[in-house]
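J.: got a structure for you, letters missing:
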């Protein structure tokens, strides 16, 4: 079952330059084989100055990877979260459609807007929930190849009035667009005891 997602408030990125490769650092998460799902690695490029966290905050919220600027301040905003789950619904459209229905049930006054993603290696679709609580949630659902057996999402939440709103959105898009999937090699079987 998919874990609850943290997400981020976003406005327009018009006029915001995307970071160059020199302004990024590699980040990754791993998952063990689980039934028909082979072991996997998700790699991306985090913005310079952002912390890769696979242990503290990530474990606390039940995600394999979180990214945040500097040290975490204890708030859910401004945290980019990776979630990975075994494929259960037939299509990626079913995944985001189900998510949108759940959000609208919780917040009928929320407004959903598409999030324009640049070129992605993974099949991704993004949108932003503009919540009635003045928190915007950016979310991108992605799908590696069919043999992966998984789907994943990146999410980030930010206050609608955050002065760094456009820059945060640019960083979020950078992380999503740089996402890559790799199937991890199956570990060698242990020799049978005699």
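T.: Cool, the structure landed. Predicted model only: the values in this text are computed from it and were never measured.
J.: the strand or helix carrying residue 59 - contacts with which helices or strands?
T.: Taking DSSP states H and E as the definition, residue 59 sits inside helix 56-61. Judged by 3 or more Cβ pairs under 8 Å, 6 or more residues apart in numbering; DSSP states H and E, the packing partners of helix 56-61 are strand 65-69. The C-beta positions use only the backbone N, C-alpha and C, and glycine is treated the same way.
J.: and the helices in the protein?
T.: 56-61, 92-106, 165-177 (DSSP state H).
J.: rebuild those helices as JSON lines, extending it with mean neighbour count and distance to residue 26.
T.: Below are the helices of the chain laid out as JSON lines (neighbours: other Cβ atoms under 10 Å; distance: least, Cβ to Cβ, whole Å):
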{"stretch": "helix 56-61", "mean neighbour count": "15", "distance to residue 26": "16"}
{"stretch": "helix 92-106", "mean neighbour count": "14", "distance to residue 26": "26"}
{"stretch": "helix 165-177", "mean neighbour count": "22", "distance to residue 26": "11"}
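J.: nearest to residue 38, of those?
T.: Closest to residue 38 of the helices of the chain, according to Cβ to Cβ: helix 92-106, at 19.0 Å.
J.: which strands and helices lie in contact with the closest one?
T.: Going by 3+ Cβ pairs under 8 Å, 6+ apart, helix 92-106 lies up against strand 111-115, strand 123-130, strand 135-143, strand 150-159.
J.: quick revisit: minimum distance to residue 183: which of the helices of the chain has it?
T.: Taking Cβ to Cβ, helix 92-106 is the member of these nearest to residue 183, at 18.6 Å.
J.: show me the beta-bridge partners of the most centrally placed residue in the chain.
T.: The residue lying closest to the centre of the chain (Cα atoms, centre = their mean) is residue 154, at 1.2 Å. Beta bridges link residue 154 to residue 82, residue 140 when assigned by DSSP bridges.
J.: hmm, it is touching residue 179, no?
T.: Yes. With contact defined as Cβ atoms under 8 Å, residue 154 counts as touching residue 179 (7.1 Å).
J.: quickly list what's touching both of those two.
T.: Shared contacts of residue 154 and residue 179, defined by Cβ atoms under 8 Å, 6 or more residues apart in numbering, are found at residue 142.
J.: nearest spatial neighbour of residue 72, chain-adjacent residues omitted?
T.: residue 57 (5.3 Å; Cβ to Cβ, 6 or more residues apart in numbering).
J.: low-confidence ranges in the protein?
T.: 1-22, 186-194 (pLDDT under 70).
J.: could you rerun that using 90?
T.: Residue ranges of the chain with pLDDT under 90: 1-24, 35-36, 55-61, 70-76, 116, 118-120, 145-147, 184-194.
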